[in-house]
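Student: fold the following and give me the result.
(chains A and B)
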Amino acid sequence: MFGFILRRLAVAIPTLLLLIIISFVLMHSAPGGPFTQERALPPQVLANLDAKYGLDQPLIVQMWTYIVGIVTRFDFGPSFIYPDLSVNDIISQGFPVTLTYGAIGFTLSVLFGVMLGIVAAIRHNTWIDTAAVGVSIGAQVLPNFVIAPILVLVFTLWLRWLPGGGWGGWPYWVMPIIALTLSHMASIARLTRSSMLEVLGSNHIRTARAKGLSERAVIMRHALKPAMLPVISYLGPLFVTMITGSVVVDMYFSTGGIGRSFVDSALSRDYAVMMGITILVGALTIFFNLLVDVLYAWIDPKIRY
Amino acid sequence: MTKLFLTTALAAILAVPTLPALAATPAPGEKLAAQQSYNYWLLDAIKTLDPQKNTDREGSDVINQLFEGLTSQDAKGAIIPGLAESWTVSDDKKVYTFKLRDAKWSNGDPVTANDVVFAWRRLADPATASEYAWFAELANIANASEVVKGDQPADQLGVKAVDDRTLEVTLTQGTPYFLKMLTNASLFPVPQKVVEAEGDNWTQPGKLVGNGAFTLVSHDLGVQLTLKKSDTYWDAANTILTDLKFTTVSDVNAALTRFQAGELDYTEIPGGQYPRLEKEYPDAATVSPKACTYAYILNLSDKGPEALKDKRVRQALALGMQRDIVVNNILQGGQKPAWTWTHWAMDGFAEPENQWAAMSQEDRTAKAKELLAEAGYGPDKPLALSLQYNTSEDHKKIAVAAQQFYKQLGVNVTLNNVEWKVHTDKMQNQDFDMARYAWCADYNEPSTFLDYFRSTGKNEGKFNNADYDAALDHAKTAENPAEDYKKAEAILADEVPGVFVYNYASVAMRNPAIKGVPLENPMNDWYAKDFYRVEQ
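Tutor: Prediction:
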């Protein structure tokens, strides 16, 4: 197992490097640059800016300086668009926000999603099943950019219970979490339900029931673990997606999270911020995929690395 | 010597402004609210609070509260004293001498002429790499171009501190709008000691030191900024508001909902919603001029289509643009149809007579068809052009409408929607036929618009007209530049380097409890020190 983890970590480094190189090249090949403006800058001002940010160097030199900065000083460079801030500043301000609402949202969607899925599977073809499936399909087809305005209308304008946006204590968390969670919860519920149904129809469950075990014991001890396998492989990437935020949530609720910064940086060609967040998402994805693989081996004794 | 003294003294007497600085002045009978707060809406995160690095409108809105320039503006946009309590101008209009008032930074240090010198040098210095360095050149400050280029050190810039409270500025030529430019954040003073000690981080809460009526309390990027009244501001006794909040809401409709919920005192009205809101909230829905003009720039360069080199074709395009429909049916927010490039509300602008503006749209369309036929385009040889615009619902609506208007003339327009940076890049490389564009004033005077179409101006369509350039050159030193501006506009109306569509208006929901809001200043600059909140 240890050997496996080490091998995977060894592969992670070239993977990240490749990610940096590809994103770097793609980004720089997009038309325009960070200082392209409606009011074109005088050539000497542009030259001064390019010199300050090293954009006058050949691409390969820029990339090398960038990678060296990260490796030696963990320095992701200055933002091109926010001259007072470095990329580290922007990520350290925005990431805690998305991490908060993302992690809570993730926990809730797993908890309720799995519960809903199991109940629906156990009560297969009853009204409970129909209701659970109905709820999850409903939640899945309602995109968060539809849910968000409805939430604000109800809780901010009509009931005046919650602030319509911003970031602070828990009242600010409620609506972003609901908007982020619903559809993910629904996906997990449906995935759990179908996987559970499949497991419940398998031979070892029939054996367990034949032994005279209680239904509760059958479900908890014999059905749950194998039924969770496909769900868990879905959860690794989902966790990363959720803690790195959602553009819609960040934009609509002005949370200041990095989901918004990611899209903004791409549109405004803030090369440094975009690279920084890409690397963050990449590294997290690699790490959590590894974690999922380790969990797999723990859940399913048949899997050996 | 005596003569020199006399003329200087005379100039001083003439130039010393008699107006007192503006301050919040409640009318008799108005009862002030207990909470003197103002919650302003921002569309985006504030990119920087550094006056010399700021480039956008929203940044200025915050910086205008934190800092104060040599001059300031009253509710109508007229120039009033700011940090400078008076000034004199030399006979040749090239040397300005400012007398600073006894003002303090928010850390208690005195604001000195050296802080202004430091800020201006910083703006032009290539080491700062300010995106607004060109503003120092536009103001014609001596040696600005050389310093920006790096040919001369920053200390050669034409600005010097005669003593702590006296500043002398030398210009390369008479610049009638120089005092107006001083209200732009890029020429605001910054505290030399703090900037040098803190580096790029000096604008963070707790470090930022300003000379404005308010100080920075907190700044959560893309969420909110909070400011409180500064006790060290020279006119603090007449400043009534105590708390300012700037809240970012990137969705205009969400902002409107939050305005209705009482969380915001100001928000922009989303396109097309003004008529409804004006009925529902007659006290809150407001329209005021905003100094920008919306246009379709025509590419007259070598890379542009052959057809656009024919003046008659360009005139037909200008005539065929049904501005009334754009303004009344699409935008619906008090915008005005544009027949000039200069916004109608600019100070010192007299609109020239325009025969087309007076015609009915049917007549204009008929005239347009006639001109196209003369130019050789018709049903058997239809004209085809592309219209490029950057991604936005409003731009799209207008482009789709324009496509229909031009279809009536027999012109086939293909729409080309591109992302903002691509749009800008293509325009700057003359890779377009017609392109959506908007130009906003940097200072309240027509030349800020008209300089765009100079042969040496930004001028993405590469319009080139010697008479036009001459008229603008003449305006620089003319006693009455309005005539030159009129002439320049007449040339634009005839030559049509772009189809001017509409002059902007600021269409906003404003809490009627907030008094003192300037609705007549087309620059849309506002100073919260002039506001107060009344009990409702």
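Student: for chain A, what helix or strand is lowest in average pLDDT?
Tutor: Across the helices and strands of chain A, mean pLDDT, DSSP states H and E gives its lowest value to helix A:43-53, namely a mean of 84.
Student: dump whatever helix or strand comes next after it to PDB, restricted to CA.
Tutor: Using DSSP states H and E, the helix or strand that follows helix A:43-53 towards the C-terminus is helix A:59-73. Presented in PDB, the C-alpha positions along helix A:59-73 are these (Å, rounded to 0.1, in the frame of the first residue of the first chain):
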ATOM      1  CA  LEU A  59       7.400  32.400 -23.200                       C
ATOM      2  CA  ILE A  60       9.800  29.700 -22.200                       C
ATOM      3  CA  VAL A  61      11.700  32.000 -19.900                       C
ATOM      4  CA  GLN A  62       8.500  33.300 -18.400                       C
ATOM      5  CA  MET A  63       7.400  29.700 -17.700                       C
ATOM      6  CA  TRP A  64      10.700  28.800 -16.200                       C
ATOM      7  CA  THR A  65      10.800  31.900 -13.900                       C
ATOM      8  CA  TYR A  66       7.200  31.000 -12.900                       C
ATOM      9  CA  ILE A  67       8.000  27.400 -12.000                       C
ATOM     10  CA  VAL A  68      11.200  28.300 -10.200                       C
ATOM     11  CA  GLY A  69       9.200  30.900  -8.100                       C
ATOM     12  CA  ILE A  70       6.700  28.300  -7.100                       C
ATOM     13  CA  VAL A  71       9.200  25.600  -6.300                       C
ATOM     14  CA  THR A  72      11.700  27.700  -4.400                       C
ATOM     15  CA  ARG A  73       9.600  30.300  -2.700                       C
END
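Student: now do helix A:59-73, average pLDDT.
Tutor: Averaged over helix A:59-73, pLDDT sits at 89.
Student: so what secondary structure elements neighbour that helix?
Tutor: Applying 3 or more Cβ pairs under 8 Å, 6 or more residues apart in numbering or on different chains; DSSP states H and E, one finds that helix A:59-73 makes contact with helix A:2-29. (Glycine included, C-beta is placed from N, CA and C.)
Student: helices or strands next to the helix it packs on in the packing?
Tutor: Applying 3+ Cβ pairs under 8 Å, 6+ apart, one finds that helix A:2-29 makes contact with helix A:59-73, helix A:271-299.
Student: make it 6 Å
Tutor: helix A:271-299 (3 or more Cβ pairs under 6 Å, 6 or more residues apart in numbering or on different chains; DSSP states H and E).
Student: between the helix it packs on and helix A:2-29, how many degrees?
Tutor: 150 degrees (axes from the mean of the first three to the mean of the last three Cα atoms, to 10 degrees).
Student: mind listing what's buried along helix A:271-299?
Tutor: For helix A:271-299, burial by neighbour count (16 or more other Cβ atoms under 10 Å in any protein chain shown) applies to A:271-282, A:284-286, A:288-290, A:292-293, A:295-296.
Student: chain A contacts on the stretch 1-150 of chain B?
Tutor: The stretch 1-150 of chain B has residues B:47, B:48, B:50, B:53, B:126, B:129, B:133, B:134, B:148, B:149 near chain A, with proximity defined as Cβ under 6 Å from any Cβ of the partner chain.
Student: what about the last one, neighbour count?
Tutor: Read it as residue B:149. Residue B:149 is flanked by 18 other residues according to other Cβ atoms under 10 Å in any protein chain shown.
Student: same deal with the fifth one?
Tutor: As a burial measure, residue B:126 scores 20 neighbours (other Cβ under 10 Å).
Student: repeat for the third one
Tutor: Counted by other Cβ under 10 Å, the residues lying close to residue B:50 total 23.
Student: which positions in the stretch 101-250 of chain A make contact with chain B?
Tutor: Counting by Cβ under 6 Å from any Cβ, the stretch 101-250 of chain A sits next to chain B at A:152, A:156, A:157, A:164, A:165, A:166, A:167.
Student: list the residues that contact residue B:139.
Tutor: Applying Cβ atoms under 6 Å, 6 or more residues apart in numbering or on different chains, we find residue B:139 in contact with residue B:181.
Student: how far away is it from chain A?
Tutor: 14 Å (Cβ to the nearest Cβ, to the nearest Å).
Student: repeat for residue B:75
Tutor: 28 Å.
Student: quick check: chain neighbours aside, which residue is closest to the closest residue to chain B within chain A?
Tutor: Nearest residue of chain A to chain B, counting by Cβ to the nearest Cβ: residue A:32, 3.2 Å away. Nearest residue to residue A:32, sequence neighbours excluded (Cβ to Cβ, 6 or more residues apart in numbering or on different chains): residue B:421, at 3.2 Å.
Student: mark out where each domain of chain B begins and ends.
Tutor: B:4-244+B:511-533, B:290-504 (automatic domain parsing).
Student: OK, contacts around residue B:340?
Tutor: By Cβ under 6 Å, 6+ apart, the neighbours of residue B:340 are B:351, B:489.
Student: confirm that it sits in a helix.
Tutor: No. The assignment for residue B:340 by DSSP: H, G, I helix; E, B strand; the rest coil gives coil, which leaves it out of any helix.
Student: one step back: make TSV out of the residues of the stretch 1-150 of chain B next to chain A and add secondary structure and pLDDT.
Tutor: As requested, these are arranged in TSV below (DSSP: H, G, I helix; E, B strand; the rest coil; pLDDT from 0 to 100):
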residue	secondary structure	pLDDT
B:47	coil	92
B:48	coil	94
B:50	coil	97
B:53	coil	94
B:126	coil	90
B:129	coil	86
B:133	coil	90
B:134	helix	88
B:148	helix	91
B:149	helix	89
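Student: helices and strands around the lengthiest helix in chain A, which ones?
Tutor: Across chain A, the helix with the greatest residue count (assigned by DSSP state H) is helix A:87-122. Contacts defined by 3+ Cβ pairs under 6 Å, 6+ apart place helix A:87-122 against helix A:127-141, helix A:174-200, helix A:224-243, helix A:258-267, helix A:271-299.
Student: could you check the angle helix A:271-299 makes with the third one?
Tutor: Going back to what we said before, that points to helix A:224-243. Using the same axes, to 10 degrees, helix A:224-243 lies at 170 degrees relative to helix A:271-299.
Student: could I get the average pLDDT for the very next helix or strand once past helix A:224-243?
Tutor: With elements assigned by DSSP H and E, the helix or strand that comes after helix A:224-243 is helix A:247-253. What helix A:247-253 shows for mean pLDDT is 90.
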